[in-house]
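Q: Fold the following.
(2 chains)
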Amino acid sequence: MTTPHRTISTLSGSTLAGAALLSLCSASALAASPQEERWDMLRDMYFSGRTVEDAGPLLSLEAPKRANDAAVVPIRIVTAPEGGVQVTAVHLIVDENPVPMAATFRFAHGDSPQAVDTRVRVNAYTNVTAVAETVDGRLLRTTQFVKASGGCSAPALKNAQLAVARMGKMKLNLPDSIVAGKPLTAQLLISHPNYTGMQYDQLNYYFIPAHYVKTVAIRYNGAPVLDVQSDISLSEDPSIHFSLVPDEQGTLEVTAEDSNGRVFQESWPIRANSGS
Amino acid sequence: MAAAATFLRPSARAALAGVWLFVWLSWAAPAPADPLPVFEVAPGVFVHAGRHEETDATNAGDIANCGFIIGDDAVAVIDSGGSPTIGHRLREAIRVHTDRPIRYVVNTHMHPDHLLGNAAFLPDQPDFVAHGNFQAALAARGDHYRQAFDAAVGHAAAAEVRIIPPTLVVSDRLELDLGGRVLDLVAWPVAHTDNDLTVLDRQTKTLWAGDLLFMERAPAIDGSVLGWLRTLDALAKEPAARVVPGHGPPSAPWPDSAADLRRYLGRVVEGVRKVQAAHGTIQQAVETAAADEAPRWRLFESYNPRNVTAAFAELEWE
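A: Numbering: from 1, shown residues only, chains lettered A, B, ... in the order given. The predicted structure follows:
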């Protein structure tokens, strides 16, 4: 009596285990698909009718696995054009954010490698996606998953009054040693609250209007270096690291415009040591 | 007789539990809550010490200190706990000690672990008291907090959450009279958050610092690290003998117990400035700044990377 019973229970046990394994697998398959579904929607929205290929080594994206501070998630994008490919622009997309397209960076020198660092807000567990555009119209995509941060870290301003008081102020950080003809990395900071427009004032029953940096044009000695089109997914006080090849004497000019039509301008002389 | 249940077969026990769950769910009226354990740190000043954990279904958001002060005429609640459940239990604890009316619920700042218990006090029709920046800061984060609470504690508990706007706003200083007992409220410039409010009970020289003071549990910078250090300087001059921290023991000597926090915040600033001087990245700062503080704080790994990131963005504008 007992033996067959035990056999059956063992069998059913292993069947159960098998079923559990299956459901685990299907669960993970299911977990992956909403992200892909989201991407399919975003692709149709931003790149309607165009093919988006895997970027491979031409484009890389660095993001922390977990958003330490939901309001300030550092992202690095690096292009590595080779074999005659020219990367003219990179779109940065935070898939799950209310306005997913965070920024588009347009490079003046698409034939040379470019590195851009910036910071984004992350609302929820999300893929962060970079899509490069080549001069011949190809779209190349790479993506990385970022976990959202803990319970009291919200993608919101920490010091709302200061953010408004300092609006439009800019800073340029340069390396200590600058050599003419050698690429350098500079950091541009623009103080701006970058209000998202998603915040509902529950006391006064209105949405705090969106107010954010919309375009940033960086010129060196009159020639374009980088043009940025940005939106509310960029962190407050937008920060952009970019590459530049300096002459011995030169001037860097930045013009930024926000969504209220306010224009901010600043310029800095850059002195380089002779490269010879 | 009570032992009978232990002899039931597991399936029967599960079924019985199911029945009880059903009965409990059918009776929507809240069962009388179990009073929160509180400690009388000074005459008439009661504090419940929260756990050094992240909010989850088991602790129901009981992760921050909360409590109350009893005057001759009325009671003031100082922070209401991290969920409506904790709020109900705090209310029961008050009723163990007094039946005087609960006239004020003071929120020391907009973080959910300190205010989601507010809903439990709605029947008392108290004044909800907060800093002048509190409402804007909470409005910007309310949905996020609600979702995070829902994910951590569950739908049923989250359904009870109410984001309640303050009815009494402190822009600088305010006195609350509880009858023979005056509380001095001070609204501080940006520090832990941009809406930190402290309460000083004149009678017992007890300072409720809210999250301007973290002890044992790793602090969270959600305002300004430099502002926080400045505020700690100013707060040290408050005429208090003891302090009730936002996280930590029910009470501690003031101002000595701020030493660990000051040292930690100083280490963050120092570490971030060092990386910035070398044109380093946020990630490099996250890996190095204040790293030697790790053994001194609970939940350090959950908060230090975030603090360093926030401090990095702030200190770039020095």
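Q: from here on, contacts and neighbour counts on C-alpha atoms
A: Will do.
Q: For the residue positioned nearest the centre of chain B, which residues are in contact?
A: Nearest residue to the geometric centre of chain B (CA atoms, centre = their mean): residue B:114, 3.2 Å. By CA atoms under 8 Å, 6 or more residues apart in numbering or on different chains, the contact set of residue B:114 is B:64-66, B:79-82, B:107-108.
Q: same deal with residue B:72?
A: Residue B:72 is in contact with B:178-181, counting by CA under 8 Å, 6+ apart.
Q: which of those residues tops the neighbour count?
A: Within the contacts of residue B:72, neighbour counts (other CA atoms under 10 Å in any protein chain shown) peak at residue B:178, which reaches 20 neighbours.
Q: That one against residue B:77, yeah?
A: No: the pair residue B:178 / residue B:77 is not scored as a contact, 11.2 Å apart, by CA atoms under 8 Å.
Q: pLDDT weak spots in the stretch 101-250 of chain B?
A: Counting by pLDDT under 70, the stretch 101-250 of chain B contains no low-confidence range.
Q: for stretch B:43-56, what is the average pLDDT?
A: Stretch B:43-56 shows a mean pLDDT of 97.
Q: Next: stretch A:149-168.
A: For stretch A:149-168, mean pLDDT is 81.
Q: So what would you say the end-to-end distance of it is?
A: 29 Å (CA to CA, to the nearest Å).
Q: Now stretch B:277-287: buried residues?
A: By 16 or more other CA atoms under 10 Å in any protein chain shown, the buried positions in stretch B:277-287 come out as B:279, B:282-283, B:285-286.
Q: And stretch B:98-112, by the same measure?
A: B:101-112.
Q: Which ones among those lie within helices?
A: By the criterion of DSSP state H, membership of the buried residues of stretch B:98-112 in helices covers residue B:112.
Q: Let me have the buried residues of stretch B:98-112 in CSV, extended by distance to chain A.
A: Formatted as CSV, the buried residues of stretch B:98-112 follow (distance: CA to the nearest CA, whole Å):
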residue, distance to chain A
B:101, 26
B:102, 23
B:103, 21
B:104, 19
B:105, 18
B:106, 18
B:107, 16
B:108, 15
B:109, 12
B:110, 10
B:111, 7
B:112, 7
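Q: what's the farthest-apart pair in the buried residues of stretch B:98-112?
A: Maximum pairwise distance in the buried residues of stretch B:98-112, criterion CA to CA, is 25.7 Å, between B:101 and B:111.
Q: which SS class is the most centrally placed residue in chain A?
A: Centrality entry for chain A: nearest residue to the mean C-alpha point is residue A:92, 4.3 Å, by CA atoms, centre = their mean. Using DSSP: H, G, I helix; E, B strand; the rest coil, the structure places residue A:92 in strand.
Q: Remind me which helix or strand the closest residue to it other than its chain neighbours belongs to.
A: In space, and not counting its chain neighbours, residue A:92 is closest to residue A:130: 4.7 Å by CA to CA, 6 or more residues apart in numbering or on different chains. For residue A:130, the host element (DSSP states H and E) is strand A:126-134.
Q: who's in contact with that strand?
A: Counting by CA under 8 Å, 6+ apart, A:35, A:55, A:59, A:61, A:77, A:85-97, A:138-148 sit against strand A:126-134.
Q: pLDDT of it, averaged?
A: Mean pLDDT, strand A:126-134: 97.
Q: downstream neighbour of that strand in the secondary structure list?
A: Remark: after strand A:126-134, the chain's next helix or strand is strand A:139-146, criterion DSSP H and E.
Q: Low-confidence regions, chain A specifically.
A: A:1-32, A:150-152, A:198-208, A:276.
Q: Mind doing that once more with 80?
A: Applying pLDDT under 80 to chain A flags the ranges A:1-33, A:149-153, A:155, A:197-208, A:275-276.
Q: Which residues are in contact with the closest residue to residue B:96 other than its chain neighbours?
A: Nearest-residue entry for residue B:96: residue B:35, 7.8 Å, with adjacent residues in sequence omitted and distances by CA to CA, 6+ apart. Listed by CA under 8 Å, 6+ apart, the contact set of residue B:35 reads B:89-93, B:96.
Q: same thing but at 7 Å, please
A: The contact partners of residue B:35, by CA atoms under 7 Å, 6 or more residues apart in numbering or on different chains, come to B:89-90, B:92-93.
Q: Kindly reformat those as CSV containing distance to residue A:177, neighbour count and pLDDT.
A: Shown next, in CSV, are the contacts of residue B:35 (distance: CA to CA, whole Å; neighbours: other CA atoms under 10 Å in any protein chain shown; pLDDT from 0 to 100):
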residue, distance to residue A:177, neighbour count, pLDDT
B:89, 62, 22, 98
B:90, 61, 30, 98
B:92, 66, 18, 98
B:93, 65, 21, 98
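Q: Columns distance to residue A:221 and secondary structure on top of these, output as JSON lines?
A: Conversion of these to JSON lines gives the following (distance: CA to CA, whole Å; DSSP: H, G, I helix; E, B strand; the rest coil):
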{"residue": "B:89", "distance to residue A:221": "67", "secondary structure": "helix"}
{"residue": "B:90", "distance to residue A:221": "66", "secondary structure": "helix"}
{"residue": "B:92", "distance to residue A:221": "71", "secondary structure": "helix"}
{"residue": "B:93", "distance to residue A:221": "71", "secondary structure": "helix"}
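Q: ok, the residues you listed vs residue B:132, which is closest?
A: The closest of the contacts of residue B:35, once distances to residue B:132 are taken by CA to CA, is residue B:90, at 25.4 Å.
Q: Isn't that closest one up against residue B:38?
A: No: the pair residue B:90 and residue B:38 fails to qualify as a contact (CA atoms under 7 Å) at a distance of 8.6 Å.
Q: OK, contacts around the residue in the stretch 1-150 of chain A that chain B sits nearest to?
A: The minimum distance from the stretch 1-150 of chain A to chain B, using CA to the nearest CA, falls at residue A:68 (4.5 Å). Residue A:68 makes contact with A:149, B:305-306 under the criterion CA under 7 Å, 6+ apart.
Q: Repeat that for residue B:84.
A: Here residue B:84 is in contact with B:116-120, B:160-161 (CA under 7 Å, 6+ apart).
Q: one step back: restricted to strands, list the contacts of residue B:114.
A: Judged by DSSP state E, the contacts of residue B:114 include residue B:66 as members of strands.
Q: If you rank the contacts of residue B:114 by neighbours, which is first?
A: Of those, with other CA under 10 Å as the count, residue B:66 tops at 35 neighbours.
Q: In space, what's closest to it - neighbours in sequence excluded?
A: Excluding the flanking residues, the one nearest residue B:66 by CA to CA, 6+ apart is residue B:79, at 5.0 Å.
Q: I figured that neighbour hits residue B:106, correct?
A: Yes: applying CA under 7 Å as the test, residue B:79 and residue B:106 come out as touching, 5.9 Å apart.
Q: and the contacts of residue B:84 as TSV, adding distance to residue B:262, secondary structure and neighbour count?
A: Converted to TSV, the contacts of residue B:84 look like this (distance: CA to CA, whole Å; DSSP: H, G, I helix; E, B strand; the rest coil; neighbours: other CA atoms under 10 Å in any protein chain shown):
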residue	distance to residue B:262	secondary structure	neighbour count
B:116	28	helix	30
B:117	29	helix	31
B:118	30	helix	27
B:119	34	helix	19
B:120	35	helix	22
B:160	37	coil	14
B:161	34	coil	20
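Q: Please tabulate those residues in JSON lines, including the columns distance to chain A.
A: What follows is the contacts of residue B:84, written out as JSON lines (distance: CA to the nearest CA, whole Å):
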{"residue": "B:116", "distance to chain A": "12"}
{"residue": "B:117", "distance to chain A": "16"}
{"residue": "B:118", "distance to chain A": "16"}
{"residue": "B:119", "distance to chain A": "16"}
{"residue": "B:120", "distance to chain A": "20"}
{"residue": "B:160", "distance to chain A": "17"}
{"residue": "B:161", "distance to chain A": "15"}
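Q: Would you point out the most distant pair within those?
A: Spatial extent of the contacts of residue B:84 (CA to CA) is set by the pair B:118 and B:160 at 10.6 Å.
Q: quick one: the residue lying closest to residue A:234 once chain neighbours are set aside from residue A:240, how far?
A: Take residue A:234 and drop its neighbours on the chain: the residue closest to it by CA to CA, 6+ apart is residue A:120, 4.3 Å away. Distance, residue A:120 to residue A:240, by CA to CA: 11 Å.
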